[in-house]
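*Asks:* I'd like to go over a predicted model; first the sequence, then the structure.
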Amino acid sequence: MSTTTVGSVVSRPDPEVRAPNRSYAPKYKLAVLAEIDAVETRGEVGEIMRREGLYSSLISEWRKQRERGALEAMSGRRPGRKSDPVAAENARLRGLIDKLEGELATATELIEAQGKVSALLQQISRRSAEQK
C-alpha cells in the first residue's frame, strides 16, 4: 500500500470494498450439490465452482447441512421477513371491531325503531281511551 504526498496532504487509496454476504436458497444449494456429486473428475468440480462463483469451503458446509437434513427442512420455507404475530393480531382485532361496530349500528337503529313504535302505540292507546 503506497501513499502519495501532495503538498502537505497525504492521500491514501480507498480501502477494499468487501462484497456483501450472499445467501443461497436451499433448492439452489441442493441443485449445485447434486451437480457436483454427478461429475466424475475434480476438474469438472472446479469448473462448476468457478461458473457459480463458489468456494470449496462453502460446498463442504452445504454438504454438512445436507447430511444434517437442514436443507430439506428449509426447502419449504418462504424467503423474506417472518410474519409479526402482533401485527397479525392487530389486523384480526381491527376486523372484529369493524364487524362489531356494524352490528352496534344495526342494534341502535332497531332500538330507535322500537322506541318510535312504542311512542306511536302509546298515542293510539291515549286516543282510544279519550274517545271512550
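*Replies:* All right, it came through fine.
*Asks:* show residues contacting stretch 83-97.
*Replies:* Here stretch 83-97 makes contact (Cβ atoms under 8 Å, 6 or more residues apart in numbering) with no residue beyond itself. For the C-beta atoms, the positions are set from N, CA and C on the backbone; glycine is no exception.
*Asks:* and the strands in the chain?
*Replies:* With DSSP state E as the criterion, the chain has strands at 4-6, 9-11.
*Asks:* burial of residue 59, as a residue count?
*Replies:* Using other Cβ atoms under 10 Å, the number of residues around residue 59 comes to 18.
*Asks:* and the residue most central in space within the chain, what pLDDT?
*Replies:* Closest residue to the average C-alpha location of the chain: residue 81 at 3.6 Å, with Cα atoms, centre = their mean. As predicted, residue 81 sits at a pLDDT of 74.
*Asks:* from residue 116, how far out is it?
*Replies:* Noted for residue 81: a distance of 54 Å to residue 116, by Cβ to Cβ, to the nearest Å.
*Asks:* and what of residue 104?
*Replies:* From residue 104 to residue 116 the distance is 19 Å (Cβ to Cβ).
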